[in-house]
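Undergrad: need coordinates for the following:
(chains A and B)
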Amino acid sequence: MIKNGSSKSVVKLHVNGDSHEVTIRSADTLLLTLREQLGLNGAKRACENGDCGACTILINGEPMHSCLSLAIESINQPITTIEGLKASNIQETFVEKWAIQCGYCTPGFILNCHALAETEPNATDEVIEEWMQSNLCRCTGYQEIKEAVKTVLQAKTNKI
Amino acid sequence: MQDRTGTAVGKPIQRIDAVEKAAGTVRYIDDYTLPGLAHAKLVKSSYAHAKINSIDSTEAWKVPGVRAIITGKMFPYHIGPILADRPPLAIEKVRYYGEPVAIVVADHEHQAKRAAALVKVDYEPLQVVNSVRDAFQTGAPLVHENSGQYMKIISNVYPVQGTNIGSHIKIRKGDFIKTWEACTTKVKETYSFNLSDHVALETRSTRVEIKSSGKVIIHTTTQSPFTIKKVMNQFFNIELGNIIVHTTIVGGAFGGKGTVQLEPLAYLASKAIGGKMVKLNYEREEDLITAPCHIGVEATISLGTNKDGKIIAGQYTFLIDSGAYTDQAAGITRAMALDCTGPYNVPNVWCDSYCMYTNHPYATSFRGYAHPELTFAVERTMDQLAKKLSIDPIELRKMNTIQPGDTSPTQSVITANNIGDTLKCLERARELIQWDEGQRLEISNNKIRAKGISTFWKTSTTATNAQSGAILKFEADGSVNLNCAAIELGQGTKTILAQIIAERLKLEMNKIHITMEVNSSYDPHQWRTVASSTTFLAGRAVLAACDDAISQLKRTASIALKCSKEDLEVGGGRVYLKPNPDYGVQIKDIALGYQYPNGHAVEGQVVGHGKYIQRHLTPMDKETGFGKPGPWWSVGTQAIEVEWDTRDYTYKILKAVTVLDGGTIINPATATQQMRGGMYLGLSFASSEAFLFDEGGIVQNPQLRTYQIIRFGEQPVEYLVDFIESPAADGPYGARGIGEYGVIGMAGALANSLSAAAQVELNHLPLIPELIWKTKKEHLK
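TA: So this is what the prediction gives:
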């Protein structure tokens, strides 16, 4: 379909409930495609090496590093970015718990937290730690983020 | 100091930037793109020290989309903030691994990257200066052969021609030589750590275009838009008025975005393709080592006391690893000297602070500007002195605390108005860490719990003419817009300024609008957003703007209300008669002037303006350091409790305590955020961060996978933060600076706690378990 390196192809991506046509090279990462073609800048490029989690998005509900995913691999899979998570209680909780400073890591943490709440709402501290270790924050010292994540999980289990 | 009415100051008001940040809709510089935007990528040095014989770009030009390839020949001059010693692109030789050697500009980023990899540079390796100690030896290879000829941009920088000394700052206070002989107890210890990095999550990014009118438009991640203007004017001969710098919200900075590196490179790239807009974005590896990083240090401190344990003499020698260029390290060298004693009264001081050139990545300011590094060395020495004197470490600190009436190392007089209350901080920290239950407790066969304490001070060594300006424009609905070039980089500065306005105008917070963007042509001059100085400088400017607006509101209202201005008061969105508050006018009805019933109008829009400039600061004397380099000192005490495992030398940080006297706290919630975040940054630096160099000066860990910062779960189990609020006479509502302070004492407190736990003196960073094991092994020999 796409010749390696030299040509481009039009494909469909399913992002935040809508279908979008994008033109990609085989080497284009999903991060680059979301940002430059769909204007979805909530996923950040901060290491492009899978080390920091600032580019976290959800593919089939699972948190993924969009810097390590190719756009071509993501065709026909439901993708959720921070822009698709409007006014969720997770965002409110991060604000209320003072878990945001510069904000650059925030979308990644919120999506990771969302996936955790959906997957393991009863997660223990150890499980929370294991999940959240994929994301780096340089401003907060993690205390407030930890409180926010725990509050989100509590709200989720109380509802169930 | 201003009276508080309690409308907004002192309240934990939610940050005005948090909702959009949570939504992920905030745009940082790298989030903007445009059709036709060209992309630049750097060719970087693969050696730490080498002569450039030739650069061959034949193969690179074959990549489709390449529009320009630029080398150092295009701009063979030196630039720099303090000493102009750095060519933006290397000329003749490279001085560090990762140094920019050439720029490739192409239509797409991937094309530029591909082509950059194909530029062939022929290097002739030179002997590498791989440590400050090597750099200091006579006969060491020279990183700069002609440092004596470099242009000095500001005062207080003294390069020594024919050596690797980029600057040498001296403090000579009292009679150290004579007093030292008389000391009854003496300690002398040496401390060290390598260069490290800021690791702001947002990597540096810039876009530059040159309009046919001659205007240079720069969009960039920066703490210093007006410094960029200065640099582009000074070194590139562009008229100041033609340089327009835009910045948006910044994704963390920690001092690393205070200096100017990327913008001149992108300017050269744009110039090479006829002024078209060019984007230059650092990848993480470049952001770590090509961009300026955090200093390394080797410090030797000697303290001598009289028989009562009073420190009477101190000698301080600092070798600061500034890497290949001095940048802000020359200023840090000065800052480390001027506060060298820590918050202790040392009547006789001898300090030599050297900014050393090495073949390492070059260093710039890092949150705390010399103080976290200095405090580590001073506070380790205090603990070792306490041990020698058999005095409790807190008691020794209390006995020697600097007090009003004493003088600083630069002989500035300490007064009750210009310093916080160190003794109160020490006492409160003692309670919070539960010091009196014992510094070292064996809690099981293989677990030790131990505590360490660290006291610190810092003055903000700004330019002597550092200043800020503010403009308040009223809307027809009675709300107000602030223009101020203070930059929001995560610290919450815009919220703080809004609180100060709300307090002064007695207005609701939601009536105050502050844009996050800064535009150097619309916003008044602001020195920089650095040095924990913004609440102070911009806060004072904002207060002055409020007072100006209040006087205009009263004037317009006096016409509407047919009364004297003196009888009016502003508050609650109204201007009203003091003796009869029911009689008044809504601000919204006079914000754009007062209109008479017949249609005639007077006065027009209320536009308040205000400014503030540092008062009576001076440079330091070259021989003695005498001078007044900063406006006030914030002081604090920090403490750490660790649980250390005697089997594998690993440890867990149980408690991290900060008690800070930062004057009045404008917002206790954001101040607490700042302290926790600072503690984490300091602990991460102290426990795990450092660049590792091979024998050729090549950085071995330029990635976040190998350069380890503290991750979620590794932070202290508990952060405890408290404030002592001794108001600063000059500060807005009595506030002093607090932004950097959470970092300052952490390395010292962590090293003191682990030294107590392992019962060895840990005088080097980072404090990885292997270091404790090695030190212990040495000790047992």
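Undergrad: okay, now B:Ala729: neighbour count?
TA: Neighbour count of B:Ala729, defined by other C-beta atoms under 10 Å in any protein chain shown: 12. Using the backbone N, CA and C atoms, a C-beta is placed for each residue, glycine as well.
Undergrad: can you map out the strands along chain A?
TA: Secondary structure of chain A (DSSP state E): strands located at A:9-15, A:18-24, A:56-59, A:62-65, A:78-80.
Undergrad: any idea which of those strands is most buried?
TA: strand A:56-59 (a mean of 25; mean count of other C-beta atoms under 10 Å in any protein chain shown).
Undergrad: which helices and strands does that strand pack with?
TA: Packing contacts for strand A:56-59, counted by 3 or more C-beta pairs under 8 Å, 6 or more residues apart in numbering or on different chains; DSSP states H and E, involve strand A:62-65, strand A:78-80, helix A:106-119.
Undergrad: tell me how far the ends of stretch B:523-539 are from each other?
TA: For stretch B:523-539, the first-to-last residue distance is 15 Å (C-alpha to C-alpha, to the nearest Å).
Undergrad: for stretch A:80-97, same thing?
TA: Length of stretch A:80-97, first residue to last, C-alpha to C-alpha: 24 Å.
Undergrad: how about the one residue in the stretch 451-600 of chain B that gets nearest to chain A: what's its closest non-neighbour residue?
TA: Going by C-beta to the nearest C-beta, chain A is nearest to B:Gly490 of the stretch 451-600 of chain B, at 2.9 Å. Leaving aside its sequence neighbours, B:Gly490 sits nearest to A:Cys102 (C-beta to C-beta, 6 or more residues apart in numbering or on different chains; 2.9 Å).
Undergrad: burial check on the residue of the stretch 451-600 of chain B closest to chain A, number of neighbours?
TA: Residues contacting B:Gly490 under the criterion other C-beta under 10 Å number 29.
Undergrad: where does it sit, in terms of helix or strand?
TA: In this assignment (DSSP states H and E), B:Gly490 forms part of neither any helix nor any strand.
Undergrad: so it sits against A:Cys139, correct?
TA: Yes - counting by C-beta atoms under 8 Å, B:Gly490 touches A:Cys139, with 4.7 Å between them.
Undergrad: joint contacts of these two?
TA: Common neighbours of B:Gly490 and A:Cys139, using C-beta atoms under 8 Å, 6 or more residues apart in numbering or on different chains, are A:Gln101, A:Cys102, B:Gly252.
Undergrad: now for the helix or strand bottoming out on mean pLDDT in chain A, which elements pack on it?
TA: Within chain A, no helix or strand scores below helix A:143-159, which has a mean of 94 by mean pLDDT, DSSP states H and E. Applying 3+ C-beta pairs under 8 Å, 6+ apart, we find helix A:143-159 packed against helix A:89-96, helix A:106-119, helix A:125-132, helix B:668-688.
Undergrad: turn the ones you listed into CSV, columns for mean pLDDT.
TA: Formatted as CSV, the helices and strands packed on helix A:143-159 follow (pLDDT from 0 to 100):
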stretch, mean pLDDT
helix A:89-96, 96
helix A:106-119, 97
helix A:125-132, 98
helix B:668-688, 98
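Undergrad: including distance to B:Leu37 and mean neighbour count, could those go into a markdown table?
TA: Shown next, in a markdown table, are the helices and strands packed on helix A:143-159 (distance: least, C-beta to C-beta, whole Å; neighbours: other C-beta atoms under 10 Å in any protein chain shown):
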| stretch | distance to B:Leu37 | mean neighbour count |
| --- | --- | --- |
| helix A:89-96 | 31 | 21 |
| helix A:106-119 | 23 | 24 |
| helix A:125-132 | 35 | 16 |
| helix B:668-688 | 34 | 25 |
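Undergrad: A:Glu147 is nearest to which of those?
TA: Between A:Glu147 and the helices and strands packed on helix A:143-159, the shortest gap by C-beta to C-beta is with helix A:89-96, which sits at 8.8 Å.
Undergrad: wondering if that closest one reaches chain B at all.
TA: Yes - under the criterion of C-beta under 8 Å from any C-beta of the partner chain, chain B is reached by helix A:89-96 at A:Gln91, A:Glu92, A:Phe94, A:Val95, A:Glu96.
Undergrad: tell me how far that helix lies from the chain's centre.
TA: Computed by C-alpha atoms, centre = their mean, to the nearest Å, the chain-centroid distance of helix A:89-96 equals 16 Å.
Undergrad: export it to CSV, keeping only CA atoms.
TA: Provided in CSV are the C-alpha atoms of helix A:89-96 (Å, rounded to 0.1, in the frame of the first residue of the first chain):
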residue,chain,number,x,y,z
ASN,A,89,-14.3,14.0,36.4
ILE,A,90,-10.7,13.0,36.1
GLN,A,91,-9.8,16.4,34.7
GLU,A,92,-11.8,18.1,37.4
THR,A,93,-10.0,16.0,40.1
PHE,A,94,-6.6,16.9,38.7
VAL,A,95,-7.5,20.6,39.0
GLU,A,96,-9.1,20.2,42.5
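Undergrad: nearest residue to the residue nearest the centre of chain A in space, please, no chain neighbours.
TA: Of all residues in chain A, the one closest to the mean position by C-alpha atoms, centre = their mean is A:Ile57, 2.4 Å from it. Spatially, and ignoring its direct neighbours in sequence, A:Ile57 is nearest to A:Ser66 (4.7 Å; C-beta to C-beta, 6+ apart).
Undergrad: ok, that neighbour to chain B distance?
TA: Using C-beta to the nearest C-beta, to the nearest Å, A:Ser66 is found at 13 Å from chain B.
Undergrad: tell me the pLDDT of that residue.
TA: pLDDT, A:Ser66: 98.
Undergrad: what of A:Asn4?
TA: Note on A:Asn4: pLDDT of 53.
Undergrad: returning to that earlier point: A:Gln77 is in contact with the residue nearest to the centre of chain A, correct?
TA: No - here A:Ile57 does not reach A:Gln77: they are 10.8 Å apart, not a contact under C-beta under 8 Å.
Undergrad: right, and A:Leu111 touches A:Ile59 too?
TA: No - taking contacts as C-beta under 8 Å, A:Leu111 lies outside contact range of A:Ile59: 10.7 Å.
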